[in-house]
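1. Give the three-dimensional model of this entry:
(chains A and B)
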Amino acid sequence: MSLVGEGLVGGWRRGHAVVDGLTVRVEPGRVLGVAGPSGCGKSTLVRMLALLHDPWRGVVSVDGTAVPRTRYRAPAALRRRIGVVFQAPRAAADPRLTLEQVLTEPLRAGGERDRTVLAARAEELCDRVGLTRDLRSRRPHEVSDGQLQRACLARALAGGPDYLLCDEMTAMLDASTTAALVAVLGAEVGRGLGVLTVSHDEPLLAAWADEVLRPW
Amino acid sequence: MSAALEVTGLDVRFRLRGGRTVRAASEVDLTLARGRLLALVGESGCGKSVLTEALTGLLPGNAETRGRAVLHPGPDLLTAPEAVLRDEVRGRRIGLVGQSAGTFLTPTRTVGAQLREAVRHLGGTASVAELADRAGLPGAALELYPHELSGGTAQRAGLAGALAGDPDVLLADEPTAGLDRPLVEHTTDLLVALARSGVAVLLITHDLRAVQRLADEGPVDLAVMYASRIVETGPAAAVFARPWHPYTAGLVDALPGERFAPIPGHPPELTDLPSGCPFRPRCGRADCSDDPDLVAHGDRAVACAPAEAS
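-> Reported below is the predicted structural model:
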């Protein structure tokens, strides 16, 4: 039981691998930190593990099932088990949607149409990530970065993933909001969520992760 | 130490449709002194960036301002006509570095060509090589186009551009956002060096740790903003050693190297500030129904009645 990337090699330009032979194992109930400077390939690693970018060599497997080379079309059932939170919430949330629509998007994509079910799930998700309920009808430009990042975290948790990948999730947030989001995730990890967090923030990783990889 | 820019009682409000009002800055008093760096910290959305817009005459049309922001020597920036701000203030008296400064560069011309143009246009006295040197920009980067620069180098190019008109005040709004730790430290060190060379620097940031690192060594002051107002100011080292305001204490406690504990609750909406002290709903120390003023004690000041009493 784990999300494993084994011998991953890949990048964006031919002959220029930004991830070069990396093996990572994300285990349930644990937080794995990956540290490295800007531009070293951390985000590419996250995209490979999230089944959004095919590695050139190596294999990503989810609980023992190797994911086939998919040319960007990973099986939805596998992808739904992996949530992702990106660095910049403003770039990751559609500015035309309300926060409730943002955080229930994965449910609607999964075929849920019942409005009362969606509203109830939205309330539950808001409570879990510490988003006050009155913010649900706001649009991204009407909330702060911290509030929007909470909504993006709720969206990543909406489909009930087993693994969560955080790509510099707190880099744009102030100290108190960072600590609050890490506390929210602590509860989820206690329920068995496996977390991989990439960051260039060593003190943050030291305080948060169970283990830190420094591949670069 | 002499004041280069003195802000007193600055209020900025935005009128929204439907009669709502956003109070983006309330009764803000700040002094930027030559030779010192003032770090303004606070969570996102508390009104930090509105200050730089107010001080450079770049607020949107639905903004209303009150108070004074006097450049020494020079005009009141809040009432000066646009022609004065354009021809005398922006670039020449006040330099501005924004977040991702690299995106302000023209993509089709080299960095050096753009800096030469800025110096010529603003009538600056420094050569391009001197500007690059002050901003820590490697000479080789002058021959490059913006897309060939890394994030940190692009930021330094932006800083060099902000210095082109020999400003005596530099406003840096989140200049380290998105940079990794070594580049954050490099950028903040450059700002301290500029302060030491006689510029009055305002560093707006949400990165408390970057400021904490500067506190012990440099001529650095700290101002903490919460819900549109300044709640604590003072020499950074003294404030970090013993924060007076419970919000400052909470921010320091939230650092990963400290207790890593968040401040309970959420910051209030700027459209709907609570009555009494704005920190009241989150304060573990007291429940004050009076709105406290920022009161000075020696070189520090705090807007918290219980903190003053102790």
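2. B:Ala39 belongs to a helix, doesn't it?
-> No: counting by DSSP: H, G, I helix; E, B strand; the rest coil, B:Ala39 falls outside a helix, being strand.
3. and it, how far is that from chain A?
-> Applying Cβ to the nearest Cβ, to the nearest Å, the value for B:Ala39 to chain A is 13 Å. C-beta here means a position set from N, CA and C on the backbone, and glycine is covered the same way.
4. what does the stretch 51-200 of chain B have sitting close to chain A?
-> Contacts of the stretch 51-200 of chain B with chain A, taken as Cβ under 8 Å from any Cβ of the partner chain, map to B:150-152, B:177-183.
5. What about the residues you listed, which one has the most neighbours?
-> B:Leu179 (24 neighbours; other Cβ atoms under 10 Å in any protein chain shown).
6. State the pLDDT value of that one.
-> What the model reports for B:Leu179 is a pLDDT of 76.
7. Return the residues in contact with it.
-> A:38, B:151-152, B:155, B:187 (Cβ atoms under 8 Å, 6 or more residues apart in numbering or on different chains).
8. Which one of the residues you listed is nearest to B:Leu16?
-> B:Gln155 (33.4 Å; Cβ to Cβ).
9. Ignoring the adjacent residues along the chain, who's closest to that closest one?
-> In space, and not counting its chain neighbours, B:Gln155 is closest to B:Ala101: 5.2 Å by Cβ to Cβ, 6 or more residues apart in numbering or on different chains.
10. residues contacting that neighbour?
-> B:Ala101 sits in contact with B:154-155, B:157-159, B:161-162, B:175, where contact means Cβ under 8 Å, 6+ apart.
11. and if you look at B:Arg20?
-> Going by Cβ under 8 Å, 6+ apart, the list of residues near B:Arg20 reads B:Thr271.
12. pretty sure B:Ser44 belongs to a helix, no?
-> No: assigned with three-state DSSP, B:Ser44 falls outside any helix and is coil.
13. what sits opposite the most centrally placed residue in chain A in the beta ladder?
-> Centroid-nearest residue in chain A: A:Val84, 2.0 Å away (criterion: Cα atoms, centre = their mean). Counting by DSSP bridges, A:Val84 forms beta bridges with A:Leu165.
14. Does it touch A:Ala156 like I think?
-> Yes: with contact defined as Cβ atoms under 8 Å, A:Val84 reaches A:Ala156; the gap is 6.0 Å.
15. which residues are in contact with both of the two?
-> Counting by Cβ under 8 Å, 6+ apart, the contacts common to A:Val84 and A:Ala156 are A:Leu164.
16. State the distance from the residue nearest to the centre of chain A to chain B.
-> 18 Å.
17. Which single residue of the stretch 51-200 of chain B ends up nearest chain A?
-> Residue nearest to chain A within the stretch 51-200 of chain B: B:Asp180 (3.8 Å; Cβ to the nearest Cβ).
18. what number of residues lie near the residue nearest to that residue when sequence neighbours are not counted?
-> Of all residues not flanking B:Asp180 in the chain, A:His200 sits nearest, at 3.8 Å (Cβ to Cβ, 6+ apart). Residues near A:His200, counting by other Cβ under 10 Å, number 21.
19. same deal with B:Thr125?
-> Applying other Cβ under 10 Å, I find that B:Thr125 has 10 neighbouring residues.
20. Just give the nearest non-adjacent residue to it, would you?
-> Counting by Cβ to Cβ, 6+ apart, the residue nearest B:Thr125 is B:Asp166, at 5.8 Å.
21. quick one, helices of the stretch 201-310 of chain B?
-> Taking DSSP state H, counting those that start in this stretch to define them, one finds helices in the stretch 201-310 of chain B at B:208-215, B:236-241, B:246-253, B:305-309.
22. Since that was my last question, I'll sign off now.
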